[in-house]
Each structure stands twice: as C-alpha cells, then as structure tokens.
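> what follows is a predicted structure for the sequence shown.
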Amino acid sequence: MRKFVLPALAVLAMLFWSCTPSSPDSRPLPSSDKLSGITYQLNVYSFADSDGDGWGDLRGITQHLDYLDALGATALWLSPVQTAASYHNYDVLDYSTINPHLGTEADFKELIDKAREYNIDIYMDYVLNHSGRGEWFNSALSSKDSPYRSFYVLSDNWQADVAAGKVDNFAGATNPGMGSWHSAASGDLGYKGRLHFKLDWKAKTITVTETTAAVQSSNPSASLWLWIGSAGLVGLYQTGADIHEITVDVDTDWGFLVRSSSTSWDGGTKWGSASGAVKFGEPLKLDNTVAADITFGGSNIWYFASFDASMPDLNYGPYAKASESPAFKALAESADKWIKMGVNGLRLDAVLWIYQQQAEANASFLKQWYDHCNATYKARGGKGDIYMVGEAWEETSKIASYYKGLPSLFNFSYWWTLKDRINRGSGKDFARTVLWFRSQYRQYRPDFIDAIKLSNHDEDRAGNDLGKSLPKMKLAGAVLLTSPGKPFIYQGEELGYWGGKNNGDEFVRSPIRWTTEGSVAAKALNGKVDYNMLTGSMSVEFQEKNDDSILKVYRRFARARNTSKALSLGEMAEVSCNSDELAVWTMTYEDQTVLVVHNFRNTPAKAVFTDYKLTKCLVSNGEYSAAKDGTLSLGPFSSVVFEQ
Ligand code: MG
C-alpha cells in the first residue's frame, strides 16, 4: 500500500486536460475474456427490432454487433429467449424452443456465429428455479402418473408436509423466506350435462343428481343462487321450508358455488365445499369460511411458487442427488442443446430460491449443474471452462459460499456500495470495500470471477439512484470499467437512461433509441415507456456525434480496459488517502501497473502523488491536471488512469 500526501501549497495554476486511449484497437485481450471482459446485458424484447413488428428480436441484435463491439463487449447476456408466457420471458413454457416473438432457432444460431466473428460470446439466461405454467405443469397436475409429477413442489397438505420436513425444495427449512403455496386443480374438476340441484338451507347441504327432467330458467325472485360455469348466476326455487331446487344445463370446467347474495361475495355469502368434490345423489356439506369450489371430481392440490402463482417452483428432490432428478435431467437436456449450438455461458436466475436460501443445498445443486454443463461444453470443444454466473441477490457476506458451486456471482453489494459513496461524495473507502468483497469470495474459490455491475433489469436504474445526474452516471461507468472483476453493462446505462420500478418493471427495461427520430422496440412493454426520458438526445445516433456523451465515456473506458492487461487482469491495491472524496487504487498485472483515481464529489479535488508517475494518461473523464511536483487535480466527478 503506497501513500500520497495532500499538497502543502493551496493554490497552483492549472491547465486541465483529458485524454483518450491511444490505441485504435478496441478488441479485447482474448485470454482475459471470461475473467474480466465486458459483458453487455440486453433485453432481447426491447433492444432492437429487425422486422418492424415492434418486438426486439434476435436478428436485431445481430444487426447491431458493431455497436456492441464498439462498446468493448466480449459477451452478451441475453434475457431468456425460450418460449415463455410473458413479455420478459422469465416464465419459460418450453426450454428447448425459441420464443417466436424473438425469432427462430436459425436466427439464434446466426447470432452466435456472427458474434463469434467479433469475439463476442453469447450467454443465455437460464431459469432453473421455476418454469411457467406450460405443458410440464399441466401434465403434472393432470394425474399422479404424469412423468412430470415430480417436476414441481406439490402437496395435498402442505402444512403437514413442511412440518414433517418432506418438502425437498425447502432443504430442511420450515420457513421458505419468500413465496406461497397456491391451490390448483388436479384432474378434471368440471362437468357438462343436465343436473338437478337440491339445497337444504337448514342443514347447509346440497345434493346434486344427473337428470333428464325439463330445464328450468333462473328464478328472478330467488333468495339463494348457484354460481356455475357458463350459466353464471342461477336463482333457485323455494320448494319447502328450507328447500331450494332447480334443474339446469351445466358446462363448467371448475365446478360451482352457492351464493346467499346475488350482488356480493362479502360477509360469508360465498358457500363452497367443506370436503372436496360432490358425489351425485349424496348431500355435500357447505361451508362459507374456506368456501373452496365445489368440484365434480379430481381434487385440489397445492403447489409452491417462490415468486408469483404463474411461476411454479421446479423440484429437484434431495439436493445431494439433484442431478438424478427428472426435472434436472430435462433442464440439462435443453441446456445441452444450446451449448452444443455454441452458447458459451449461462446466467442463472434466482439461485437463492432453488433451495429456499439454503446456502449449502444451493451451492451443491449449482455445482452439479455447472459440472454437467461444463462437461457438455468441453465435449463440444469449448475453450477453457464454460462461464456461469449466478444471480444470488444478497449481500456479499451471505452469498460468498455460493462460490463453492459456481465460478462467478453477481456482486450486488458492489453497486450498493458504489452508489452510496457517490451520493455521499466520498470515495475514500471504496477500494478497501471492493478488496473486502474479494477477500470474502476468495475464501471459497481462489479463481472466483467477481461479476460487478451497476443496476439490472430488476432494479431501479442506476440513473435513478444517482438522481438522474449525468456526471454521476459517467463516473459510475468509469468506476465500473476500472474495477477488478468482470463488468456487466446493462442496456441503456451507456446512454444515461433512468427509470424506476414504481409504475412497473417495464420502466427499467426501456428500448434502445437507435436514432434521434423513428420508432423503438417498445411493443413488449405495452405502453410503459417514458418518452420524456427516451428523447432524441438519448439516442445512439446523437451520442455518437457528441464527444462529451456518456456513450463516449463508456467507449473510452471500455477501450482502455480491453487494451490494458493491468486494468483488465490486474490485482487491485488500495492507495491510502487522507482525502475523503477521492477513490484511489492501483491495478497490477505482471510488470504493468496503472494508477486509478476517481473524484466522487461534485467539487474539485486535489492530492499530491509522490510515488506515481502522472505523465502517461491511459484514459480520463472530466478534467484533470497533473503538475510536475506530483499534484493531481481532478474536476467534479472526474476520473483519470495513469500508466506507470
Ligand atoms: Mg421484431
């Protein structure tokens, strides 16, 4: 750790400078790609539309590889591309096919092949925690004999199963931390045909019989009703002291309910089954507390979902043997297909929840998954090991042990720390904190790949967190691209986008505006686009013509990183500092060292460096001035990197 001292003389006449990387070569160092190369995270549905249907698509990406190359990308993390139910594609219905909205399998292969010409890898987003409610799920519910029955976390009595430790997905936990059990129909619940209903309101029972008697129309002056399938609300006829009856044609796929109000479900006016399906000719006890649908067969079954009901959790059985489970094998078979096609990495969604935050279980599962995919990758002839990064959305200290299972994890704490320090105007302990993160990871995996990032598609935009301040956003990008690890740039960050999740996740997933005029790939976002943010001056076309744009800052720092082994592959060392506003560190690789200095404050900052050369600027943003006596002055939110 070296030191610099504050200047003894308060005022020096300064000329301010900026510099750009001298090398015109933006290509990365091939050996560094997986360790420290830049990855661009893009939402396929809103990046670029090639066919004018309003959806971003795979060919749109292929058409913009020049843009991604100029940004120094060595890999692309694509939002999920498989067939799915919703626009964002995180509820996959079929892991082995491409969502037609996004293109074809041939389009995907073309993207992989064309990207390779740019030395850009394709990383797929793999959703292992849950699927959508597709054929697997429907089959699993349809019958206990379904080959997919074990794919999901199903229970007839989940409270008892959880208490007895029978839910493998919970890995022994009784509190899942997040998620809910949802009721679903198992088997055929419905009926189609003519039925007679006899309600005994004193006994609170209903007796249903199949009949060929004449159909009655709904009684308009009824006091009790049925709510039933396609017939809707049906008024019963009072035929005795507490007896109400009717004969109707029924067509329902879910069953029926009894109502004691024709206008409201409130106040216990909804009466359903207390004991499952109705049996023809036998009175069924009614209940108005649980009031489950009165079905004609099948049963209700519960399934667990960490997120919402549309995304049932997948079940891999006891974690030590997860790779032997049918669900694992099916997912692995699909991954093999894409890896054999040329995919070089996977981003794994929601890995905390595969075994409900049980770190040991999750790491064991992830290792099994990684080993399988890496074997396929190596059999394909892939270079080195497959890249795989997990989304374990937690503080560093809580997720470091996940490195036992995966070579790379997103470092959420990195961004939480960086935005806090920028907003406080204090860079002093930033390098020390980054080094602490790295020390935590190293305990579990010496060759860990720290996937550093600002915000992503699930968080408020970095621009929002930084108060929409362009100088702060430029600084954040410069810090990201001069930090050790593997930086991820999220679609739009390089253009200075902002947006928050309050009014919908779509507002943090805005399309790229390629030109100052003209349309954007916004159809998937269903109108949830902030056009006050997405103005012509946000466009790529505008920013490419403007040397002061944030896009140019990203490009300059990306180029510097990709042409400096010290910056991309170097070991970080803190340069201790009495200045609160400056973040200062070195990056050293073999005999190359660079000095990295960032000013986290909105005022000029100054310090004297006695042990470093300030003559050869690799890259800068904002203004700096270096005097012969070692005094370095940095403008507000400015950055500079010097080669040593
Ligand atoms: Mg399209």
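That came in fine, so what should we check first?
> tell me which residue of the stretch 351-500 of the chain lies closest to the ion.
The ion sits closest to Gln491 of the stretch 351-500 of the chain, with a gap of 15.9 Å, by C-beta to the ion. In short, each C-beta sits where N, CA and C put it, glycine included.
> which non-adjacent residue is nearest that residue?
Excluding the flanking residues, the one nearest Gln491 by C-beta to C-beta, 6 or more residues apart in numbering is Leu42, at 4.6 Å.
> what average pLDDT does stretch 404-419 get?
Stretch 404-419 shows a mean pLDDT of 98 in the predicted model.
> can you get me the start-to-end distance on that stretch?
End-to-end distance of stretch 404-419: 28 Å, with C-alpha to C-alpha, to the nearest Å as the criterion.
> identify each buried residue in that stretch, please.
404-415, 417-419 (16 or more other C-beta atoms under 10 Å).
> cool, stretch 59-71 as well?
Going by neighbour count (16+ other C-beta under 10 Å), the buried part of stretch 59-71 is 59-65, 67-71.
> and for stretch 558-571?
Within stretch 558-571, the residues that count as buried by 16+ other C-beta under 10 Å are 558-570.
> what's the end-to-end length of that stretch?
One end of stretch 558-571 sits 18 Å from the other (C-alpha to C-alpha).
> among the buried residues of stretch 404-419, which lie within helices?
412-415, 417-419 (DSSP state H).
> in JSON lines: these, plus distance to Arg601.
Shown next, in JSON lines, are those (distance: C-beta to C-beta, whole Å):
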{"residue": "Phe412", "distance to Arg601": "25"}
{"residue": "Ser413", "distance to Arg601": "22"}
{"residue": "Tyr414", "distance to Arg601": "20"}
{"residue": "Trp415", "distance to Arg601": "19"}
{"residue": "Thr417", "distance to Arg601": "16"}
{"residue": "Leu418", "distance to Arg601": "14"}
{"residue": "Lys419", "distance to Arg601": "14"}
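> neighbours around the residue nearest to Gln491, how many?
If you count neighbours by other C-beta atoms under 10 Å, Leu42 ends up with 25.
> what does Glu282 give?
10.
> number the chain from 13, please
Yes, from this point I'll number from 13; that puts the last item at Glu294.
> so who does it touch?
Contacts for Glu294 (C-beta atoms under 8 Å, 6 or more residues apart in numbering) come out as Thr219.
> gap between it and the ion?
As judged by C-beta to the ion, to the nearest Å, Glu294 and the ion stand 57 Å apart.
> tell me who's in contact with the residue lying closest to Ala317 once chain neighbours are set aside.
Computed as C-beta to C-beta, 6+ apart, the closest residue to Ala317 that is not its neighbour in sequence is Pro324, at 5.2 Å. By C-beta under 8 Å, 6+ apart, Pro324 lies in contact with 142-143, 145, 149, 164-165, 194, 315-317.
> buried subset of the residues you listed?
Those of the contacts of Pro324 that meet the buried threshold are 142-143, 145, 149, 164-165, 315-317, by 16+ other C-beta under 10 Å.
> look up phi and psi at Thr296.
Actually, residue 296 is Leu rather than Thr. Per-residue torsions, Leu296: phi -110, psi 130 (degrees, to the nearest 10).
> got a list of what it touches?
Leu296 neighbours (C-beta under 8 Å, 6+ apart): 217-220, 285, 287, 290, 306.
> could the buried ones among the contacts of Pro324 go into TSV alongside distance to the ion, secondary structure and pLDDT?
Listed next are these as TSV, based on distance: C-beta to the ion, whole Å; DSSP: H, G, I helix; E, B strand; the rest coil; pLDDT from 0 to 100:
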residue	distance to the ion	secondary structure	pLDDT
His142	27	strand	98
Ser143	25	coil	98
Arg145	25	coil	95
Phe149	28	helix	96
Tyr164	33	strand	98
Val165	36	coil	97
Tyr315	34	strand	95
Phe316	35	strand	96
Ala317	30	strand	96
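> show me the beta-bridge partners of the residue nearest to Gln503.
Per DSSP bridges, the residues bridged to Leu54 are Leu90.
> in contact with it, which residues?
Counted by C-beta under 8 Å, 6+ apart, Leu54 has contacts 73, 88-91, 503.
> so which of the residues you listed wins on neighbours?
When neighbours are counted by other C-beta under 10 Å, Ile73 leads the contacts of Leu54 with 28 neighbours.
> does the residue of the stretch 513-656 of the chain found nearest the ion count as helix, strand or coil?
Closest residue of the stretch 513-656 of the chain to the ion, C-beta to the ion: Ala533 (6.7 Å). When classified by DSSP: H, G, I helix; E, B strand; the rest coil, Ala533 comes out as coil.
> enumerate every residue touching Ser48.
Here Ser48 is in contact with 496-499, 573, 580-581 (criterion: C-beta under 8 Å, 6+ apart).
> from those residues, which two are the most distant?
The span of the contacts of Ser48, defined through C-beta to C-beta, is set by Pro499 and Leu581 at 12.9 Å.
> touching, Gly205 and Val260? I think so.
No: using C-beta atoms under 8 Å, Gly205 makes no contact with Val260, being 10.3 Å away.
> more neighbours, these two?
Neighbour count, other C-beta under 10 Å: between Gly205 and Val260, Val260 has more, with 20 against 11.
> surely the more buried one touches Val220?
No: taking contacts as C-beta under 8 Å, Val260 lies outside contact range of Val220: 10.8 Å.
> now do the shared contacts for these two.
207, 209.
> please enumerate the helices of the stretch 463-612 of the chain.
For the stretch 463-612 of the chain, the helices defined by DSSP state H, counting those that start in this stretch cover 474-477, 482-492, 552-556, 562-575, 577-581.
> rewinding a little: any chance of the contacts of Leu296 in a markdown table, with secondary structure, distance to Lys395 and neighbour count too?
Converted to a markdown table, the contacts of Leu296 look like this (DSSP: H, G, I helix; E, B strand; the rest coil; distance: C-beta to C-beta, whole Å; neighbours: other C-beta atoms under 10 Å):
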| residue | secondary structure | distance to Lys395 | neighbour count |
| --- | --- | --- | --- |
| Thr217 | strand | 71 | 15 |
| Ile218 | strand | 69 | 23 |
| Thr219 | strand | 72 | 18 |
| Val220 | strand | 67 | 22 |
| Ser285 | strand | 60 | 23 |
| Ser287 | coil | 62 | 11 |
| Val290 | coil | 63 | 22 |
| Ile306 | strand | 61 | 28 |
